[in-house]
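Colleague: Make a model of this:
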Amino acid sequence: MTVSPRAAKSRGLVRAMGRRLLSFGPHLRGAGRDTLAPDALAGITTAVLALPQGLAYALVAGLPPAMGLLAAGLPCLVAALFGASRGLVTGPTNPTALLIGATVVAPAIAAGGDAALGTVLMVGALAGLVLVGFALLGLGGAARFLADPVVVGFTSGAGLLIALGQVPTSLGVVIDPVDVNWPPVAAALDHARQAVLACDPRALAVAAVVPVWMWGLRRIDPRIPGALLSLAFATGLAYSAGWTVGPEALVRLGELERVWPTWSFSAADPRPLAPAALALALLISVQSIAAARAFGRRGGSEGASADPDRELFSQGVANLVAAGVGAMPVSGSLTRSAVAVSSGARSRVAAALAGLCVLFLVPSLGSLLANLPLAAVSGLVIFTGLDLVSRKALRRASLTSGDAAVLWGTFATTLALGLMEAVYVGIFLSLLLLIRRAGKLRLSELVHVGSESLREIPLDDQTGRTPVVVLNLEGDLSFAVAPALSDAIAMLGQRQPKVVVLRLKRVQHLDATALEVFRRGATRLHADGVRLILCGITATQQEALQGSELMRVLDQADVLPEGDRLAEGLLRAIRAARSSLPQLSPGEIFRHASGKGRGGAQ
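Modeller: Model (predicted):
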């Protein structure tokens, strides 16, 4: 039976995808007898932190506490089995909780319905499928294109919204939701204003104890489970003061009646949920890969090789599992990953054991957790929200005017439009920043300092006015810099040097548009009697040049490859330029300068 080329191609693609899928199979490479003890200690420590955080993040999203606790259990275990980084711990996180709350839960409640639990599970499952698709297509590396200013602006805005959103609960006040069309920050401020007017001093006292204790314990030792101890102290304070009994008792967290929820998926058309699911998947990608980079390489050779595609696959599978057991969506957690690594995690067994510990602890601690004052949990959420607003991170991410504009643009979008919109605006701003920087031509002139040294200086009105001009190009020569490159070559032609030397050793990429600009420029220069020499040509550049029409314009002798020795190609180009002007001395041929500039050519 004859198979058509299209069918054969389709079968080959399916087989390739199947092989790639199998390559993401579960494993615990790097684990052994010598790593079991430190991994067990790190896993237990991380699980102790995961319990209060699971409660807090469910509260942030407006979901039942059980969904947050479940998210810290089985999904964490599954992500550890499929992941790549030894230090990454998966579970509920602040940004993902706020995104789910803002895009799914809050609109449903404002419309007069319930918290749309089935829709939350559907969005989580769709996000998991998107993440698996990203991994199979090899898109893990694309997450690095989301600039740090975007991530910092997003997390800072989200942190403020989280803290403001918990003010009513921390003051013991229940506020009816405002119009969902209000800007998020306006709604949060209005809720806070109403809560201040009806404040319960007892709830304020309980809520304030938690962040104060957490801050103090962190100052003593970051590895201390401050969240758990602070909740315990606040709860003890409320019980000893008699604030948990009687008709005016403080509101408690409540019984975890459904530790293993059985909510069914929404039967509605999933297409309207696609924007929220895509935004969630993108946010999980950035969070998880950033955490894997930060903690997967600290100590130990096993975590030294990052695999972003495997990391995305593990997060996708974890979110599919979370949706299947009725848990809120999950992501790589910076805070729990930091605790695991600082507690001695040596392999992914630490994260796996953290998930197992949560699975065993939740049923046994259900009655104790139910008695926590809601104000205490709210105080924990306020602390974690404000913890996302870091002055150091804001300062580091806004060093340049472009970075500052992107950071504060994302920050303002988060506060004014919401989390989902901020993710998309952040991606757009990242691309604008990338295009802006890619469109800058990095071009400098190499001038003689003394008889032996060369120094880089910026182009000025004297560039090209000597018989020989030597220019140095850097970065990517793509269509984005083609207009500036064309203008620079035209400027040289107007100043009529005898020889133009272009050094390309530091050029990373040559595309077809840049090669065409070189061809046109070389044609014009040759017509004006100017010799063009390209030097420092790498093997990749040589391959691109051989297939271009530029080589029909240039002599092969004027295309000089890089050599084994330092600046060998450049020195050969300078000698060739001298040979073109034997009647002139070196002092007359080249531009000389004694001013300060960048270091010599290498």
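Colleague: tally of neighbours for the closest residue to residue 531 other than its chain neighbours?
Modeller: Leaving aside its chain neighbours, residue 531 sits nearest to residue 499 (4.7 Å; criterion: CB to CB, 6 or more residues apart in numbering). To be clear about C-beta, it is placed using only N, CA and C from the backbone, and glycine gets the same treatment. The number of residues packed near residue 499 is 24, by other CB atoms under 10 Å.
Colleague: and what of residue 236?
Modeller: For residue 236, the neighbour count with other CB under 10 Å is 11.
Colleague: likewise residue 487?
Modeller: 12.
Colleague: If you count contacts, what does the host helix or strand of it end up packed against?
Modeller: Assigned by DSSP states H and E, residue 487 belongs to helix 482-495. With contacts taken as 3 or more CB pairs under 8 Å, 6 or more residues apart in numbering; DSSP states H and E, helix 482-495 sits against strand 442-449, strand 468-477, helix 512-527.
Colleague: Reformat the ones you listed into CSV and put mean pLDDT next to each item.
Modeller: Below are those laid out as CSV (pLDDT from 0 to 100):
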stretch, mean pLDDT
strand 442-449, 87
strand 468-477, 90
helix 512-527, 92
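Colleague: Just give me the neighbour total for residue 26.
Modeller: The number of residues packed near residue 26 is 12, by other CB under 10 Å.
Colleague: residues touching it, list them.
Modeller: Counting by CB atoms under 8 Å, 6 or more residues apart in numbering, residue 26 makes contact with 81, 82.
Colleague: Was I right to think residue 375 contacts residue 208?
Modeller: No: here residue 375 does not reach residue 208: they are 9.1 Å apart, not a contact under CB atoms under 8 Å.
Colleague: so which of the helices and strands packed on helix 482-495 is the most packed in?
Modeller: strand 468-477 (a mean of 21; mean count of other CB atoms under 10 Å).
Colleague: Return the list of helices and strands in contact with that one.
Modeller: Using 3+ CB pairs under 8 Å, 6+ apart, strand 468-477 is in contact with strand 442-449, helix 482-495, strand 499-510, helix 568-580.
Colleague: Between the helices and strands packed on helix 482-495, which one is closest to residue 93.
Modeller: Nearest of the helices and strands packed on helix 482-495 to residue 93, taken as CB to CB: strand 468-477 at 34.7 Å.
Colleague: angle of that closest one against helix 482-495?
Modeller: Angle, strand 468-477 to helix 482-495, by axes from the mean of the first three to the mean of the last three CA atoms, to 10 degrees: 170 degrees.
Colleague: Sheet partners, orientation included, of strand 468-477?
Modeller: strand 442-449 (antiparallel), strand 499-510 (parallel) (DSSP bridges).
Colleague: and residue 375 and residue 208? which has more neighbours close in?
Modeller: residue 375 (29 against 16).
Colleague: Which pLDDT value belongs to residue 598?
Modeller: Note for residue 598: predicted pLDDT of 43.
Colleague: Ok, residue 484 next?
Modeller: pLDDT, residue 484: 89.
Colleague: got it, and residue 112?
Modeller: Model confidence at residue 112, given as pLDDT, is 55.
Colleague: next one: residue 560
Modeller: On the pLDDT scale, residue 560 gets 91.
Colleague: Spit out the contact partners of the residue nearest to residue 438 when sequence neighbours are not counted.
Modeller: Nearest residue to residue 438 in three dimensions, chain neighbours excluded: residue 480, at 4.5 Å (CB to CB, 6+ apart). Shown in contact with residue 480 (CB under 8 Å, 6+ apart): 435, 438, 439.
Colleague: So residue 348 is in contact with residue 86, correct?
Modeller: Yes: with contact defined as CB under 8 Å, residue 348 reaches residue 86; the gap is 5.6 Å.
Colleague: before we move on, the earlier item: tell me what the residue nearest to residue 531 is bridged to.
Modeller: Counting by DSSP bridges, residue 499 forms beta bridges with residue 468, residue 531.
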